[in-house]
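A.B. asks: Sequence unavailable; structure follows:
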C-alpha cells in the first residue's frame, strides 16, 4: 500500500524535541560581551541580553517548520506520537505568558495570549449561541407553516 500525503518532517519525538529545545534556547538570547569576552552588566548588575524574545506558540510552530500556529495544532491533534512533546512545549509558552501576568508591562499581552491560545484562560464563559429567527424571511415562514401542519 502506498502512503498518501507528504512525509512527516520529524521521524520521532526525540528529533522534534531537539528542534523545540533549539527554539527555546534561541528565545533566551545571548549576553552582550565586552572585548575580553566577559558579559556586560547593566546598572543593577545583571547581564545585558541581546535578541531575547518571548516564547510563543506561533514562534514555536514556525521554528518547527509549520506554516502557522493552526498547522501545529492540527499536527498535534492527529499525531499521538508527538502529542506529549508538543503539549509540553506549548506548556512552556503558556508558563511564560502566565508569569508575565505579574509583570506590569506584559500583563495585557499575556492575558490576550492566554485567552486566545490556551484552554481555560477565558475571562468570560463561552456565550451560548442562539438562533436568530427573522419573521419576514420566506424560508422561515415556510418552515413555520410546515411545522404547524404537523
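C.D. replies: The structure has been received and is ready for your questions. Since we're looking at a predicted model, the values are computed, not measured.

A.B. asks: how about the strands of this structure, start to end?
C.D. replies: Secondary structure of the chain, counting by DSSP state E: strands at 30-31, 49-50.

A.B. asks: show me the biggest helix of this protein in terms of residues.
C.D. replies: What stands out as the longest helix in the chain, according to DSSP state H, is helix 80-100.

A.B. asks: Can you name the residues in contact with that one?
C.D. replies: With CB atoms under 8 Å, 6 or more residues apart in numbering as the test, helix 80-100 has contacts from 10, 12-13, 16-17, 20, 23-24, 54-57, 60, 72, 75-76, 106-107, 109-110, 113-114, 117-118. (Each C-beta comes from the backbone N, C-alpha and C, glycine too.)

A.B. asks: out of those residues, which are buried?
C.D. replies: When neighbours are counted using 16 or more other CB atoms under 10 Å, the contacts of helix 80-100 contain these buried positions: 10, 13, 16-17, 20, 23-24, 55-57, 60, 72, 75-76, 106, 110, 113-114, 117-118.

A.B. asks: Return the subset of those residues lying in helices.
C.D. replies: By the criterion of DSSP H, membership of the buried ones among the contacts of helix 80-100 in helices covers 13, 16-17, 20, 23-24, 57, 60, 72, 75-76, 110, 113-114, 117.

A.B. asks: Kindly reformat the strands of the chain as CSV containing distance to residue 38.
C.D. replies: What follows is the strands of the chain, written out as CSV (distance: least, CB to CB, whole Å):
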stretch, distance to residue 38
strand 30-31, 9
strand 49-50, 14
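
A.B. asks: Low-confidence bits of this structure, can you list those?
C.D. replies: In the prediction, the chain carries residues with pLDDT under 70 at positions 1-7, 124-150.

A.B. asks: Perfect, that will be all.
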